[in-house]
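>>> Next comes the sequence, and after it the predicted model I'd like to discuss.
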Amino acid sequence: MQRIEILAIALTFALIILSSAYARRFGIGREISLAGTRAVVQVLILASVILVLFRLPLYWSFVVLLVMVTIAGHTTYSRSGKLENGRVIATFSIASASFLLLIPFFLSGIFPFEARYLVPTGSIFIGNAMNISSLAIDRYRGEIKNRRAEIEACLALGASPKRAVAPSFKQGILSALIPSIDNMKNLGMVWIPGVMTGMILSGGDPVEAASIQIAIFISIFAAGMIASSLMLHYSTNSFFTQACQLKEDID
Amino acid sequence: MSFHLELRNVSKSVFHRVNETKIRTLLFSDLNLKIGRGELVTIMGASGSGKTTLLRLINRLSDPDSGTILLNSIDICSMPPQELRKKAGMVFQLPVMFQGSVRENIAFGMELWGESMDINALAKDAGVPEKLLDADTGRLSVGEKQRVCIARALSTQPELLLLDEPTSSLDSISAQKIETMLLGLQRDHDLTMVWVTHEKEQAGRIGGRRLILKDGKLEEHAED
Ligand SMILES: Nc1ncnc2c1ncn2[C@@H]1O[C@H](COP(=O)(O)OP(=O)(O)O)[C@@H](O)[C@H]1O
Ligand SMILES: [Mg+2]
């Protein structure tokens, strides 16, 4: 290893130890040290995987992305309150949205079609699609639970489940996208986003870094919006019985 | 003779969660009920006796454990739930407004089913003042909301109206006004009505056949 890598990892561990020592008074010291250590190990494994991927045929990169999507799907699924078919729906939604948004970057030639670009870009989309879908499904479920009276009043008029949950659907998507919208507004004002930081730190041209960053940023937003819409759309039926009754045990 | 609504041996239990275990309580068993077209029936019973649950079985917001419910001699389980609900309108104990104006609320069922009805006439039938039609529903009093709910329930042109203590959250003057209005609707539109109330006096004023749900059984009310 190089000197810089050793220094960076040493700094990381020092901060993990200090943070968890401080956080002991809140009773989350152990959790922070575990999460921190886990993060370090995972990210080092990832780096080695990417290093290996550079030498393997390109389809291996897709295998790695698929593994990521599966894990992301599982994470969103657990946010959905163990919804019926939730795992399949979450994985499908995150996968379709992320892969769809990857296409223009490689078709247009912004990035060469290589593991070096495919895996990190893909993982950004997958990770953000996962976060946004998790927020959306969590809120959607909460809205449906709280709006039971309204939903049943709507069903009682002969409305379809889809029509009856329309306000909850809207609220779920909105609340999931608000953090991204706020981030977009403050882009470059309060924070320099990751991709741009990375490119600048590694000596890239700031204007090029900025153009790529903004394209990625909007793609993240679009991927999140598509993934969460698919997620909510396909999970609606899981809240209802065959006879269009709102299920009783939603929690 | 065929009946408009018929319940045959209908049983229903509910589950209460106590800590981690689910405890089953039988609400009623083997209920039988025959209601003719255009008939008005009141159902009384103590709070918690299962009156609301019984109404919810009729428009299939919930299903019985066993037994059959027939509308126009057809098992309701064999028709699409949405069509059943169009025919069997329901007014809930607590009025729920959808987002938007009073007019949009009243037009809801109509638009859902592509019916063309006169919103002003519906509003008038239910006693919703015309000047309120374009108001936001958030500003209405409970009584006004309940009137909007009644107009909205009528907007699908139901043949059967299920009323779940529609006046219980109102003061007695508004309650009696709505009572009179509903009775007028029943007569004018030849509606079949199942009216749940826990007030003996109200049941007396309403008239019609009087039933009591008690200890899981439905009994004809003895005249007193
Ligand atoms: N979905 C449900 N799950 C569990 N218990 C219920 C449910 N619905 C009603 N109950 C219980 O069943 C009983 C009867 O309720 P309800 O039909 O609302 O009675 P009523 O309208 O006569 O007051 C009550 O004890 C209520 O707590
Ligand atoms: Mg009740």
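Here it is on my side, so go on. Ligands and ions are numbered 1, 2, ... in the order given.

>>> Can you tell me who the residue positioned nearest the centre of chain B pairs with across the strands?
Most central in chain B under C-alpha atoms, centre = their mean is B:Leu162, positioned 2.0 Å from the mean C-alpha point. B:Leu162 has these beta-bridge partners by DSSP bridges: B:Met90, B:Val194.

>>> Which elements pack onto the biggest helix by length in chain A?
Criterion DSSP state H: the longest helix present in chain A is helix A:115-146. On a contact count with 3 or more C-beta pairs under 8 Å, 6 or more residues apart in numbering or on different chains; DSSP states H and E, helix A:115-146 meets helix A:29-53, helix A:59-79, helix A:86-107, helix A:166-185, helix A:206-235. C-betas here are computed from N, CA, C, even on glycine.

>>> Quick one, which of the ones you listed gets closest to ligand 1.
Closest to ligand 1 of the helices and strands packed on helix A:115-146, according to C-beta to the nearest ligand atom: helix A:166-185, at 19.3 Å.

>>> measure A:Ser229 to B:Leu71 for me?
A:Ser229 sits 38 Å away from B:Leu71, going by C-beta to C-beta, to the nearest Å.

>>> swap in A:Ala149?
From A:Ala149 to B:Leu71 the distance is 24 Å (C-beta to C-beta).

>>> again, but for A:Leu56
66 Å.

>>> Of the two, which one has the most company?
Shown here are A:Leu56 and B:Leu71; by other C-beta atoms under 10 Å in any protein chain shown, B:Leu71 has more neighbours (20 against 13).

>>> Same question for stretch B:35-43: list its buried residues.
Buried residues in stretch B:35-43, counted by 16 or more other C-beta atoms under 10 Å in any protein chain shown: B:35, B:39-43.

>>> cool, stretch B:183-195 as well?
B:183, B:185-186, B:189, B:191-195.

>>> One more: stretch A:85-105?
Residues of stretch A:85-105 classed as buried: A:86-87, A:89-99, A:101-102, A:105 (neighbour count, 16+ other C-beta under 10 Å).

>>> next one: the longest helix of chain A to chain centre, how far?
Between the centre of helix A:115-146 and the centre of its chain there are 3 Å (C-alpha atoms, centre = their mean, to the nearest Å).

>>> Give the rounded mean pLDDT of the following helix or strand past that helix.
Following helix A:115-146 in sequence order, the next helix or strand is helix A:148-155 (DSSP states H and E). The pLDDT scores in helix A:148-155 average 98.

>>> chain center to the helix or strand just after helix A:148-155: distance?
Later in the chain than helix A:148-155, the nearest helix or strand by DSSP H and E is helix A:161-164. Distance of helix A:161-164 from the chain centroid (C-alpha atoms, centre = their mean) equals 27 Å.

>>> Helix A:161-164 and chain B in contact?
Yes - Helix A:161-164 is in contact with chain B by C-beta under 8 Å from any C-beta of the partner chain, via A:Arg163.

>>> Output the contacting helices and strands for that helix.
The helices and strands touching helix A:161-164, judged by 3+ C-beta pairs under 8 Å, 6+ apart, are helix A:148-155.

>>> got the angle between the helix it packs on and helix A:166-185?
Angle, helix A:148-155 to helix A:166-185, by axes from the mean of the first three to the mean of the last three C-alpha atoms, to 10 degrees: 120 degrees.

>>> Alpha carbons only: can I get helix A:148-155 in PDB?
The C-alpha trace of helix A:148-155 is given here as PDB (Å, rounded to 0.1, in the frame of the first residue of the first chain):
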ATOM      1  CA  ARG A 148     -57.900   4.200   6.200                       C
ATOM      2  CA  ALA A 149     -61.200   6.100   6.700                       C
ATOM      3  CA  GLU A 150     -60.700   8.100   3.600                       C
ATOM      4  CA  ILE A 151     -59.600   5.100   1.500                       C
ATOM      5  CA  GLU A 152     -62.600   3.100   2.600                       C
ATOM      6  CA  ALA A 153     -65.000   6.000   2.000                       C
ATOM      7  CA  CYS A 154     -63.600   6.100  -1.500                       C
ATOM      8  CA  LEU A 155     -63.900   2.300  -2.000                       C
END
